[in-house]
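Student: After the sequence you'll find the predicted model.
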Amino acid sequence: MSTKQFKTLDDFLGTHFIYTYDNGWEYEWYAKNNHTVDYRIHGGMVAGRWVTDQEANIVMLTEGIYKIDWTEPTGTDVALVFVPNENKLHGTIFFPKWVEEHPEITVTYQNEHIDLMEESREKYETYPKLVVPEFAKITYVGEAGQDNEDVISEAPYPEMPDDIRNGRYFDEHYHRRNK
Ligand SMILES: C=Cc1ccc(O)cc1
């Protein structure tokens, strides 16, 4: 995979990843800046969902190891530990019961439907939560730079991860082609 070496928090911020969890779920995730993440979901229980400007806590635990935690308008909580120098991470997703029972409600560009997420988390059940702890293998690392609005800027489509991995999606300035 990638040969980039990660040492500092700054090495991590601005990085764009694609990875596949051992349960087969494929995610794309971007460390937009030191308090913000964007992501797109290509495979798994909520494939098709995408989110920008999610507030998150991002820290470096020790050289080259990064921990990211956030809570979403759906009530879903996420904790990620990236070990990018070994092309791997561990992620735990804590889904409220309602997301497990009605995943389709969350499969959208969430930013345009925050009210629906907040209404749904009140209307449906929270407990018991579904905890999904998984390792993942990183299949793509891109140096997008911080605050790049082109990284996660449209809904996922089936060939998108391959287009990105094969260099067909971003130009040399990490702007989206064909826009
Ligand atoms: C629920 C969001 C989410 C985003 C990235 C990831 O690796 C796991 C969950």
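Tutor: Thanks, I have it. Treat the numbers as computed from the prediction; the structure is a model and nothing was measured.

Student: pLDDT wise, what is Met1 at?
Tutor: Looking at Met1, its pLDDT is 68.

Student: So which bits of the chain are right by the ligand?
Tutor: Neighbours of the ligand within the chain, by Cβ under 6 Å from any ligand atom: Tyr27, Trp29, Tyr39, Thr76, Val78, Leu80, Gly91, Ile93. C-beta coordinates here come from the backbone N, C-alpha and C atoms, glycine included.

Student: Quick one: the residues you listed as JSON lines, columns for secondary structure too.
Tutor: Shown next, in JSON lines, are the residues of the chain next to the ligand (DSSP: H, G, I helix; E, B strand; the rest coil):
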{"residue": "Tyr27", "secondary structure": "strand"}
{"residue": "Trp29", "secondary structure": "strand"}
{"residue": "Tyr39", "secondary structure": "strand"}
{"residue": "Thr76", "secondary structure": "coil"}
{"residue": "Val78", "secondary structure": "strand"}
{"residue": "Leu80", "secondary structure": "strand"}
{"residue": "Gly91", "secondary structure": "strand"}
{"residue": "Ile93", "secondary structure": "strand"}
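
Student: Widest-spaced pair of those?
Tutor: Within the residues of the chain next to the ligand, Trp29 and Thr76 form the most distant pair, 14.4 Å apart (Cβ to Cβ).

Student: Please say which of the two ends up with more neighbours.
Tutor: Between Trp29 and Thr76, Trp29 has the larger neighbour count (other Cβ atoms under 10 Å), namely 26 against 20.

Student: May I ask you to confirm that that one is in contact with Ile41?
Tutor: No: when contacts are counted by Cβ atoms under 8 Å, Trp29 is not listed as touching Ile41 (9.4 Å).

Student: remind me, longest helix of this structure?
Tutor: helix 114-123 (DSSP state H).

Student: Quick check: what element follows that helix along the chain?
Tutor: Moving toward the C-terminus from helix 114-123, the next helix or strand (DSSP states H and E) is strand 130-143.

Student: Name the strands paired with that next one and say parallel or antiparallel.
Tutor: Strand 130-143 has its sheet partners listed here by DSSP bridges as strand 15-21 (antiparallel), strand 88-95 (antiparallel).
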